[in-house]
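Engineer: Need the 3D shape of this:
(chains A, B, C and D)
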2 protein chains.
Amino acid sequence: MSETRDRIITATNELFRRQGFHATGLKEISTASGATIGSIYHFFPGGKERLGVAVIESTGAAYRELFDAILDESPDDDPASGFERFFAAAADTLAESDYIDPCPIGTVAREIANTSEPMRLAADGVFASWVDAARSRLTSAGVGQEDTGRLATVFVAMVEGSFVLSRTSRSADALLAAGRTVGDLVRNAAAANAGT
Amino acid sequence: MSETRDRIITATNELFRRQGFHATGLKEISTASGATIGSIYHFFPGGKERLGVAVIESTGAAYRELFDAILDESPDDDPASGFERFFAAAADTLAESDYIDPCPIGTVAREIANTSEPMRLAADGVFASWVDAARSRLTSAGVGQEDTGRLATVFVAMVEGSFVLSRTSRSADALLAAGRTVGDLVRNAAAANAGT
DNA sequence: GCCTGTCTAGAACGATCGCTCTAGGCTGGG
DNA sequence: CCCAGCCTAGAGCGATCGTTCTAGACAGGC
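Structural biologist: Residues are numbered from 1 along each chain as shown, chains lettered A, B, ... in the order given. Sure, this is the predicted structure:
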């Protein structure tokens, strides 16, 4: 994969995180990435929309890997704490980045869900893959099959929802509240399943 | 309050729900509301930013009233179901509106949190007022004081998060999963507090 | 009748938008 | 050396952006 292409995606990702899709101009992306407009259209012939899809997919894959990496570090007897630490890690990066959005996908998804079907589908695919990743972790955490789908969806919703609140309030409170609650939910669901 | 001013706010609200802040032009607001650009600047001398603040505050108050209205309908022995029905109601309006965002504030908040302090503060105030409304309901539901703040925050985060997921997937699943989980959380917290 | 303040009306401003286009630099194979 | 293909470079397109401006419609008080 081209190095310039990567720089374009990285810079666009950062700009989307800071100000969203529509507020970010191609000229801004050009200067931030050091690539010219011509290069952007060379790598993304579909223009801004196609670039948006690429950013969504790239970020989606990166976040899924991060999630798996954090969950891999949890002790076998307490995978629920891995879920909790995911939120704590997000809280750290949020504060470090002067409360730039940790996740460009949620922002962009809300902007374009009714206006760009390609980007909407890309975001939908990413969310589905995150739910999938969470579901398999829940299964190995001992959560019963009747609860894994719902809890995995709730986990992703909690991530996106607490990002909004923490960013708007410039405080990690919402993220930590969400982390603790998700941790409890996973523990309780696993315990309930073990009890039956 | 002027009737024209109301029409401007209502139309802007709808446009923000559909496509967000930056994708919505003043010309579009003008034609959608039937008010001219001059009228918009007459009522909102601060321009688009000031109009955005007004929309956020107006929607915030409306949603808080809706929340209270729905919670008022729940039977005294089961206030948790009120929380659950709030999500079910959102799921209905989402599907009816062709999956337009039920809440413009979350969208706008993510777009402007790092670029417009007035709008960020307005959104922060709205979220805080929602947390406050939820907290007082949790208290009267019998939830212990050590849990009300966290659960109220989680409730609002779940609302915003499941809106994103349900809208991008064009399915009510996330909203219903969130509703059921919040209902359980409230019930369990109340039961745990009653047990001690 | 006129005056004052509220509100409507929309032309016009410079800036920026996403995008297209042509031209040129660079590299590896022949 | 030349050529083909990949990539860079940026001027320029029409359209639209948020905003400002002047002019007029309309009402209630005198």
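Engineer: Check the burial of A:Thr10 by counting its neighbours.
Structural biologist: Using other CB atoms under 10 Å in any protein chain shown, A:Thr10 has 15 neighbouring residues. Bear in mind the C-beta positions are built from the backbone N, C-alpha and C, glycine included.
Engineer: any idea how far chain B is from it?
Structural biologist: Here the criterion is CB to the nearest CB, to the nearest Å. By it, A:Thr10 lies 18 Å from chain B.
Engineer: How much space separates the residue lying closest to that residue once chain neighbours are set aside from B:Ile100?
Structural biologist: Distances taken as CB to CB, 6 or more residues apart in numbering or on different chains place A:Ser33 nearest to A:Thr10, at 7.3 Å, with adjacent residues excluded. From A:Ser33 across to B:Ile100, the span is 33 Å (CB to CB, to the nearest Å).
Engineer: Mind checking what secondary structure the spatially closest residue to A:Ala172 that is not a sequence neighbour has?
Structural biologist: For A:Ala172, ignoring the flanking residues on the chain, the nearest one in space by CB to CB, 6+ apart is A:Ala91 at 4.0 Å. Put simply, A:Ala91 is helix when judged by DSSP: H, G, I helix; E, B strand; the rest coil.
Engineer: How about A:Gly142?
Structural biologist: Look at A:Gly142: counting by three-state DSSP, its state is coil.
Engineer: Of A:Ser33 and B:Ile100, which one has the most company?
Structural biologist: Between A:Ser33 and B:Ile100, counted using other CB under 10 Å, A:Ser33 has the larger neighbour count: 21 against 18.
Engineer: which residues sit in contact with that one?
Structural biologist: By CB atoms under 8 Å, 6 or more residues apart in numbering or on different chains, the residues touching A:Ser33 are A:Thr4, A:Arg7, A:Ile8, A:Thr10, A:Ala11, A:Thr12, A:Ile40.
Engineer: Also A:Ala178?
Structural biologist: With CB under 8 Å, 6+ apart, A:Ala178 has these contacts: A:Phe87, A:Met158, A:Val159, A:Gly161, A:Ser162, B:Thr153, B:Val154, B:Ala157.
Engineer: Show me what counts as buried in the host helix or strand of the last one.
Structural biologist: If I follow you right, that is B:Ala157. Element membership for B:Ala157 (DSSP states H and E) is helix B:145-169. Counting neighbours by 16 or more other CB atoms under 10 Å in any protein chain shown, one finds that the buried residues in helix B:145-169 are B:147-169.
Engineer: Report the closest residue of chain A relative to DNA strand D.
Structural biologist: A:Gly38 (2.4 Å; CB to the nearest atom of the strand).
Engineer: can you count the residues close to that residue?
Structural biologist: For A:Gly38, using other CB under 10 Å, the count is 9.
Engineer: Pull up the residues of chain A that are close to DNA strand C.
Structural biologist: A:His22, A:Thr24, A:Gly25, A:Leu26, A:Lys27, A:Glu28, A:Ile37, A:Gly38, A:Tyr41, A:Gly47, A:Lys48, A:Glu49 (CB under 7 Å from any atom of the strand).
Engineer: quick one: which of those residues sit in strands?
Structural biologist: Within these, no residue falls in strands by DSSP state E.
Engineer: Show the buried residues in these.
Structural biologist: The buried subset of the residues of chain A next to DNA strand C - by 16+ other CB under 10 Å - is A:His22, A:Thr24, A:Lys48, A:Glu49.
Engineer: Excluding residues flanking it in the chain, which one is nearest the first one?
Structural biologist: The reference is to A:His22. B:His22 (3.7 Å).
Engineer: Mind pulling up the pLDDT for the one you found?
Structural biologist: We note a pLDDT of 97 for B:His22 in this prediction.
Engineer: who touches it in this structure?
Structural biologist: Residues near B:His22 by CB under 8 Å, 6+ apart: A:Gly20, A:Phe21, A:His22, A:Ala23, A:Glu111, B:Glu111.
Engineer: Nearest to B:Asp76 among the residues you listed?
Structural biologist: B:Glu111 (41.2 Å; CB to CB).
Engineer: Please enumerate the helices of chain A.
Structural biologist: Remark: helices assigned in chain A by DSSP state H are A:3-19, A:26-33, A:37-43, A:48-72, A:80-96, A:104-112, A:117-140, A:145-169, A:173-195.
Engineer: can I get those helices in a markdown table with mean pLDDT and distance to B:Leu175?
Structural biologist: Below are the helices of chain A laid out as a markdown table (pLDDT from 0 to 100; distance: least, CB to CB, whole Å):
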| stretch | mean pLDDT | distance to B:Leu175 |
| --- | --- | --- |
| helix A:3-19 | 95 | 25 |
| helix A:26-33 | 95 | 34 |
| helix A:37-43 | 94 | 37 |
| helix A:48-72 | 96 | 22 |
| helix A:80-96 | 95 | 21 |
| helix A:104-112 | 97 | 15 |
| helix A:117-140 | 97 | 14 |
| helix A:145-169 | 97 | 9 |
| helix A:173-195 | 93 | 17 |
